[in-house]
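Visitor: Need a 3D model of the sequence below.
(2 chains)
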Amino acid sequence: MKYLVFMLIFFIAFAFSIFSSYIFFIPYEVFSFLILTILLISNKQHFSSYHTNQFYLAAFFIGFIMDCMQHNIVFYNAFVFVLIVYLNDFIKSISGSKFIIGLILLIGIYNNLVYNIPFEICLLNILVLCIFYYIVQRLLSIAYAKKD
Amino acid sequence: MKKLLFYIILAATLSLINYYTNFNFFISKSVLYVMNPIESSGNYVLDSISNIVKNYIVLQNTQIKNTHLLSEISKLTLENKILKAKFRNLDVQTSPYLIKCPFVFKDFSDINYIYIKSNAPEQDILYKTVVSQKLNLVGKVESKVDGLYKVKTVFNSNFVADCFIENNNNYYRGIFKGSLVEPKIEFLNTQSNIKNNAKVVTSGLIGNMVPNINIGTIEKIYEVRGFYKIALVKIDKTFLNDSFVYVVNYK
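Guide: Next up, the predicted model:
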């Protein structure tokens, strides 16, 4: 059941990213949704070194693919994605899972500054990311409620 | 921190390998090979949805416009009707011998008689000839009933008028007999040379009928056993849509 929900979440992430890149013309939007998904799932998991390692590896892999897609010589995105998961873990241990909201805003600002996406469109994209965040939260709560 | 250091070293190592082998090109190619069909099909679906939405909006706008245009057309039709009616009323033949009178039907299915109203003296109306706005023969005033004058129309089977048929400056005399279905001229000379669409006018020779008033045109001619000819007359019925008729008051 849990893995079925994960599959559904990834499917929704891809659907949202295609929709987002189609409507807002934002390149590499799929990676924003994927990192959000990883963070959301990791927030729901209990602390254990095994699971945390999995998320770090997944984040590194996503960043690595993004670097390959962008034809970067230095794989800095792979490290940045790992850093994001690390910061999320770090902030979660201090003041709960509020890092994701900051990350969503950061994605909006990054799109605005780096990809020169207009501010209004970035706001709309943030709205789409928030809707995705809400849907995934609900789906994960269903998946983990079944387990409990 | 250990993890971060591990991943920094991993990223640096991969970057170094990539620098010499350029393997990221193959990875990006493979990813695009898998992702492109998914993305293009997704874009196709979104394109279709956006087209449906656009078409729906266009359809809605067209429907609204269509309704608006229909209402405009109905308004214009109404205005056209009003203008036509005004034009008809303006087309009045002003003559000192004509007395304008409004008319009504007792029953729309019965046009054998019409009823006219006039404030003119009774001797100017009673037993006089009634014509339409186009100066075609309508009938003859028969009596006065409850303040209204009863007019026997050309559609009445009892209506009889002495008439001439005008054909190439030749006049052939006949008796016009009114009818709703088949108004006709009877007892025409068998030698009379009459053609279709010849004009039929009143002769004024018998009775109180005013001469030279248009009745209609010849529609069909046939002979009765070699004794006489009968000509069917086409009467202009458009006066039924008018509001007024005229009483011809020749002294």
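Visitor: Mind telling me what element the most centrally placed residue in chain A is part of?
Guide: Against the mean C-alpha coordinate of chain A, by Cα atoms, centre = their mean, the closest residue is A:Leu36 at 1.7 Å. Assigning secondary structure by DSSP states H and E places A:Leu36 in helix A:29-44.
Visitor: who are the neighbours of that helix, in terms of helices and strands?
Guide: Counting contacts by 3 or more Cβ pairs under 8 Å, 6 or more residues apart in numbering or on different chains; DSSP states H and E, helix A:29-44 packs against helix A:2-24, helix A:49-70, helix A:76-95, helix A:99-113, helix A:119-147. Quick note: C-beta positions are derived from backbone N, CA and C, even for glycine.
Visitor: if you average pLDDT over the fourth one, what comes out?
Guide: Helix A:99-113 comes out with an average pLDDT of 86.
Visitor: buried stuff in it?
Guide: Along helix A:99-113, these residues count as buried under the neighbour rule (16 or more other Cβ atoms under 10 Å in any protein chain shown): A:99-100, A:103-104, A:107-108, A:111-112.
Visitor: thinking again about what came up before, can you put the helices and strands packed on helix A:29-44 in a markdown table and add distance to chain B?
Guide: Compiled in a markdown table, those are given as follows (distance: least, Cβ to the nearest Cβ, whole Å):
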| stretch | distance to chain B |
| --- | --- |
| helix A:2-24 | 4 |
| helix A:49-70 | 4 |
| helix A:76-95 | 4 |
| helix A:99-113 | 16 |
| helix A:119-147 | 14 |
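Visitor: if we can go back for a sec, ok, the residue nearest to the centre of chain A - contacts?
Guide: A:13, A:100, A:103-104, A:129, A:132-133, A:136 (Cβ atoms under 8 Å, 6 or more residues apart in numbering or on different chains).
Visitor: ok, longest helix in chain B?
Guide: In chain B, assigned by DSSP state H, the helix with the most residues is helix B:24-90.
Visitor: partner strands of whichever helix or strand comes after that helix, parallel or antiparallel?
Guide: Counting by DSSP H and E, the next helix or strand C-terminal to helix B:24-90 is strand B:98-107. Within its sheet, strand B:98-107 is paired with strand B:110-116 (antiparallel), strand B:244-248 (antiparallel), according to DSSP bridges.
Visitor: Tabulate these (TSV), appending mean neighbour count and mean pLDDT.
Guide: TSV is the format used below for these (neighbours: other Cβ atoms under 10 Å in any protein chain shown; pLDDT from 0 to 100):
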stretch	mean neighbour count	mean pLDDT
strand B:110-116	19	87
strand B:244-248	20	88
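Visitor: okay, now B:Lys117: neighbour count?
Guide: Using other Cβ atoms under 10 Å in any protein chain shown, B:Lys117 is surrounded by 12 other residues.
Visitor: B:Tyr149 is in contact with that one, correct?
Guide: Yes: B:Lys117 is within contact range of B:Tyr149, at 7.4 Å (criterion: Cβ atoms under 8 Å).
Visitor: list the residues that contact both of those two?
Guide: Overlap between the neighbourhoods of B:Lys117 and B:Tyr149 consists of B:Cys101, taking contacts as Cβ under 8 Å, 6+ apart.
Visitor: ok, what's across the strand from B:Glu223?
Guide: Checking B:Glu223 by DSSP bridges, which sets the bridge assignment, gives partners B:Lys229.
Visitor: ok, it - how many residues close by?
Guide: Taking other Cβ under 10 Å as the neighbour definition, B:Glu223 ends up with a count of 11.
Visitor: how far away is it from A:Asn112?
Guide: 101 Å (Cβ to Cβ, to the nearest Å).
Visitor: How about B:Gly139?
Guide: Here B:Gly139 is placed at a distance of 90 Å from A:Asn112 (Cβ to Cβ).
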